Structures are given as C-alpha cells and as structure tokens.
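Asker: Coordinates for the following, if possible.
(one chain, ligands or ions: 1)
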Amino acid sequence: MNITEAQACAAQLSSGSDSPAADVELLLCHILGCSRTFLFTHREHLLTEQQQAQFEQLIRRRIDGEPVAHLTGSRGFWTLDLEVNATTLIPRPDTECLVEKALELIPVSVARVLDLGTGTGAIALALASEQPGWEIVAVDCVAEAVSLAESNRQRIGLDNVTVAEGSWFEPVSGMFDLIVSNPPYIDPQDPHLGQGDVRFEPLSALVAEDKGLADIRHIASEARRFLVDGGRLLFEHGYDQANAVQRLLADLGYNDIESAQDYGGNDRITWGQWGHPVKEGNKQNAE
Ligand code: GLN
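Answerer: Numbering: from 1, shown residues only. Predicted structure coming up:
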C-alpha cells in the first residue's frame, strides 16, 4: 500500500467523521513519523507491512468512533504539540480563543495567573509560551491529568508553570491578576454526550450539574477571594450559556462583563473584572 492508496481509505470514515481526509493524514503522519508535506510530495512511498497493519488497525478504531487524538496520542494546540490521553479532555481549537482573549486582557509581562481544570495543561502552557514573565499555576483534581500536564510542561520546557493537584482552589494560595478556566459545562441531559469525541472523554471533564453551570458558579464565587483588585476572571462555556454566565458574574459583584465568540461564531467565552481599580490617569480626580 502506498500513500495515495492509504489516503483513499478516508472513504471508509465518511459516515463517522466530519473530517475523514484530515483524520487519515494525521494517522499517516503519526505512523510514518513524517510531516503533512511529505504525504503530498511522496505519493508513491510504500508503507512497510508493519506500518500498513498499524494503519488498518487505527482506521478500524476510528470507524468505531475513537478520537484521532487518542489514536495518535497527541493534539496540536496554539503553537504546541500536546500529549493527550483518555484521562482528560482533548484540547479544542475554540479554546485558543480564550488564550487569545487572556493575552489581550492582561497586556503586561509580569502577572500571576491561575488555570483551573487544566487537563493536558493546554491553556496554562499556551499562555506560558507567550508570556515567559507570567507566573502560572495550573490545577486539576484528576491525578492522571496532573501527571499529563506536568509531562507536557517538561517536554515543552516551560519553567514558569507549576502544576498542582486538587479541587479548584484547594491547592492554591496567594492572589492572581487573572484566573482562567475551561471547566465542565455540559448539561448532564445534553444529547451531544452520546455523539462524536465526547463519548471517549471522561464525564468529570465535561458535565456539570445545574444545566452545566454548577462549576462555573462555584469558581466565580470562590475566585473573589483570589483576585487582586482589578483582576480578571475568564471562562470558556457552552455555546448557549453566555447570558447565564454574564448574569451569574453580575450577581456575584463582578463588573466590566463581556463575552466573545469562538471560531464557529458562538458566544463561547465570558469574562469579568473584580474590584474597582482607579486608573493611573484618574487618580487625582478620584481623590
Ligand atoms: N467544548 C467541549 C464540547 O462541547 C466541552 C468542553 C468542556 O466541557 N469544558 O465538546
């Protein structure tokens, strides 16, 4: 079997995947240890017998619905290549919108930042790679996720992130300029839980009580004790939860509350500010 013949296997995935051609390319790059460019410039390249057997096995597992990231053990996020496994959520491209917004909201090179429910470490490590002067704490309550995030941190070589195990703020001390989280936010009744990649991801990373809002509410309430005056709290949430999250933040006393969209045009992230900082230029007027 050569690369062109292997790529034709995408047809077998067309019923179970939104992106059969891209799935096959990722599987081939993984098995051959090559770049996508290689696939297009070496169409006649033959797979060894062993590579072909491995490819056929991964195609069968993909037909059964297993996420490509679980089959290859990795997923690209931001500029990073992250190790992924079934103990936590697979990083989504839309979460890059949260990273972008965090960098925009805190345009300073020295800051203390907390990432709650870090999973693979995706958000914390992306922020750390962009802002080497930020001191970032990344927390997860699942021991295997903590090991995974720590292994990603070490492999990428970022020494401004500390990974800690515990439930939300439990292992945390000190104050933060920014708290970010992509917590579980899916309603336990949501029919999407029976479809696609989420079937292979842990419910603890996906589902929250109270129509998916329980963890967001808990974090937003507790965060008030950990944010400096003028600090920001930034969430990823469900495509239809922006209004509820805005209201919840307002009820808890946050101000400057706004939402922004993901790549699909859904309101996917919402943030608020804690406290009422006096801007430098206004100090005199305020006194
Ligand atoms: N965005 C993911 C999904 O809808 C869920 C992520 C989460 O619950 N934090 O598949």
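Asker: who's in contact with stretch 8-20?
Answerer: Counting by C-beta atoms under 8 Å, 6 or more residues apart in numbering, stretch 8-20 makes contact with 21, 23-24, 55, 59, 62-63, 65, all of which sit outside it. C-beta coordinates here come from the backbone N, C-alpha and C atoms, glycine included.
Asker: switch the cut-off to 6 Å
Answerer: 21, 23-24, 59, 62-63, 65 (C-beta atoms under 6 Å, 6 or more residues apart in numbering).
Asker: Stretch 199-218 now?
Answerer: By C-beta under 6 Å, 6+ apart, the list of residues contacting stretch 199-218 reads 66-67, 88-89, 183-188, 198, 235, 238, 244, 248.
Asker: Which elements pack onto the lengthiest strand in the chain?
Answerer: Ranked by residue count and defined by DSSP state E, the top strand of the chain is strand 227-236. Packing contacts for strand 227-236, counted by 3 or more C-beta pairs under 6 Å, 6 or more residues apart in numbering; DSSP states H and E, involve helix 95-105, strand 176-181, strand 267-273.
Asker: Any buried residues in it, and which?
Answerer: 227-228, 231-236 (16 or more other C-beta atoms under 10 Å).
Asker: ditto for stretch 90-100
Answerer: Buried residues in stretch 90-100, counted by 16+ other C-beta under 10 Å: 90-92, 94-99.
Asker: filter those residues down to the ones near the ligand?
Answerer: residue 92 (C-beta under 6 Å from any ligand atom).
Asker: Was I right to think residue 179 contacts residue 222?
Answerer: No - here residue 179 lies out of contact with residue 222, judged by C-beta atoms under 6 Å, at a distance of 9.3 Å.
Asker: Which one's more surrounded, those two?
Answerer: residue 179 (27 against 16; other C-beta atoms under 10 Å).
Asker: which residues sit in contact with the more buried one?
Answerer: 114, 223, 233.
Asker: at 8 Å what do you get?
Answerer: Neighbours of residue 179 in contact, by C-beta under 8 Å, 6+ apart: 113-114, 116, 219, 223, 226-227, 231-234.
Asker: Over to residue 175?
Answerer: Taking C-beta under 8 Å, 6+ apart as the test, what residue 175 contacts is 112, 226-228, 231.
Asker: Need the three-state assignment for the residue in the stretch 1-150 of the chain that the ligand sits nearest to.
Answerer: Proximity of the stretch 1-150 of the chain to the ligand (C-beta to the nearest ligand atom) peaks at residue 92, 5.2 Å away. On the three-state scheme (DSSP: H, G, I helix; E, B strand; the rest coil), residue 92 is labelled coil.
Asker: follow-up on the earlier one: what angle do the longest strand of the chain and strand 267-273 make?
Answerer: Counting by axes from the mean of the first three to the mean of the last three C-alpha atoms, to 10 degrees, strand 227-236 lies at 170 degrees to strand 267-273.
Asker: how far does strand 227-236 sit from the chain's center?
Answerer: 18 Å (C-alpha atoms, centre = their mean, to the nearest Å).
Asker: avg pLDDT for it?
Answerer: Regarding strand 227-236, the rounded mean pLDDT is 97.
Asker: Stretch 83-97 too?
Answerer: Rounded mean pLDDT across stretch 83-97 is 97.
Asker: what do you get for stretch 185-196?
Answerer: pLDDT averaged over stretch 185-196 gives 96.
Asker: could you measure residue 2 against residue 44, distance?
Answerer: Distance, residue 2 to residue 44, by C-beta to C-beta, to the nearest Å: 5 Å.
Asker: Stretch 164-184 and the ligand, are they touching?
Answerer: Yes - contact between stretch 164-184 and the ligand, assessed by C-beta under 6 Å from any ligand atom, occurs at 182, 184.
Asker: got the CA positions of that stretch in CSV?
Answerer: Extracted in CSV, the C-alpha atoms of stretch 164-184 (Å, rounded to 0.1, in the frame of the first residue of the first chain):
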residue,chain,number,x,y,z
ALA,A,164,-0.9,21.2,41.3
GLU,A,165,-3.4,18.6,42.2
GLY,A,166,-6.7,19.4,44.0
SER,A,167,-10.2,20.5,43.6
TRP,A,168,-10.4,24.0,42.1
PHE,A,169,-8.8,26.5,44.7
GLU,A,170,-8.0,23.8,47.2
PRO,A,171,-4.2,23.6,46.5
VAL,A,172,-3.9,27.4,45.7
SER,A,173,-2.5,30.3,47.7
GLY,A,174,-1.8,33.9,47.1
MET,A,175,-3.5,36.4,44.8
PHE,A,176,-3.9,36.4,41.0
ASP,A,177,-4.2,39.0,38.2
LEU,A,178,-6.0,36.5,36.0
ILE,A,179,-8.0,33.4,36.6
VAL,A,180,-8.9,31.3,33.6
SER,A,181,-10.9,28.1,33.3
ASN,A,182,-12.4,25.7,30.8
PRO,A,183,-14.4,23.8,33.3
PRO,A,184,-17.0,21.1,32.7
